[in-house]
Structures are given as C-alpha cells and as structure tokens.
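Peer 1: give me coordinates for this.
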Amino acid sequence: MIHRRLRITGKVQNVFYRDWFTEQAQALGIDGWVRNRADGSVEALVQGPGEMVETIIARAHQGSPASRVEHVEVSAAPHEIVEGFMQRPTA
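Peer 2: Below is the predicted model:
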C-alpha cells in the first residue's frame, strides 16, 4: 500500500476533472479524495497498491476530455484512514 499526494495544474477546474478523477479512482479501487484548491489547481490524496496508484498518476496527466493538464506534482503522503474515494470541499 502506497500513499501519494498529487497537485494538478492547468485547466483543471470547471471541466469535470474532479468527477472524472473520482470515477477513475473508484474503478481502480483506490482510496482517497480529490478537491479544488483556491489557486486553481486540483489536489488529490491516493492510497492503494503500487500498481494502481501508478496507474491513477498516469491518468492524472491525461485528465478529463475538457481539461488541459500542464503539470502533476507527486509527493509522498502520510497515511490517512479513508475508505473509498470521495470529493472534498475546496481548500
């Protein structure tokens, strides 16, 4: 089980990026959350088997059909107890 925090920048708000990301994470069986940031980026915490986390990171670079991802910053994240995958309010 690995834990990663993602910070996605580009045209990623108001283009259904969070909905799309949530669907992708749920399909992969990943736990965590995603939310918009006040600076226009999207932040996500993803937890799961290494192969699945690497897959969601690769998909984060592609983004939803209407988005335009410029950069995905990936960093280690502390373990949080999260069951399933959800959207959180903007921070």
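
Peer 1: for the residue at minimal distance from the centre of the chain, list each beta-bridge partner.
Peer 2: The centroid of the chain falls nearest to residue 44 when counting by Cα atoms, centre = their mean (3.8 Å). Applying DSSP bridges to residue 44 yields these beta-bridge partners: residue 6, residue 34.

Peer 1: wait, what's in contact with it?
Peer 2: Shown in contact with residue 44 (Cβ atoms under 8 Å, 6 or more residues apart in numbering): 5-6, 8, 21, 25, 32-35, 60. From N, CA and C alone the C-beta is placed, and that goes for glycine too.

Peer 1: pLDDT score assigned to it?
Peer 2: In this prediction, residue 44 carries a pLDDT score of 98.

Peer 1: now do residue 81
Peer 2: So residue 81 comes in at 86 (pLDDT).

Peer 1: sec struct for it, please.
Peer 2: Secondary structure assignment for residue 81 (DSSP: H, G, I helix; E, B strand; the rest coil): coil.

Peer 1: got a list of what it touches?
Peer 2: Counting by Cβ under 8 Å, 6+ apart, residue 81 makes contact with nothing.

Peer 1: what do you get for residue 80?
Peer 2: Residue 80 makes contacts with 3, 32, 45, 47, as judged by Cβ under 8 Å, 6+ apart.

Peer 1: please repeat the previous calculation with a cut-off of 10 Å.
Peer 2: 3, 31-33, 45, 47 (Cβ atoms under 10 Å, 6 or more residues apart in numbering).
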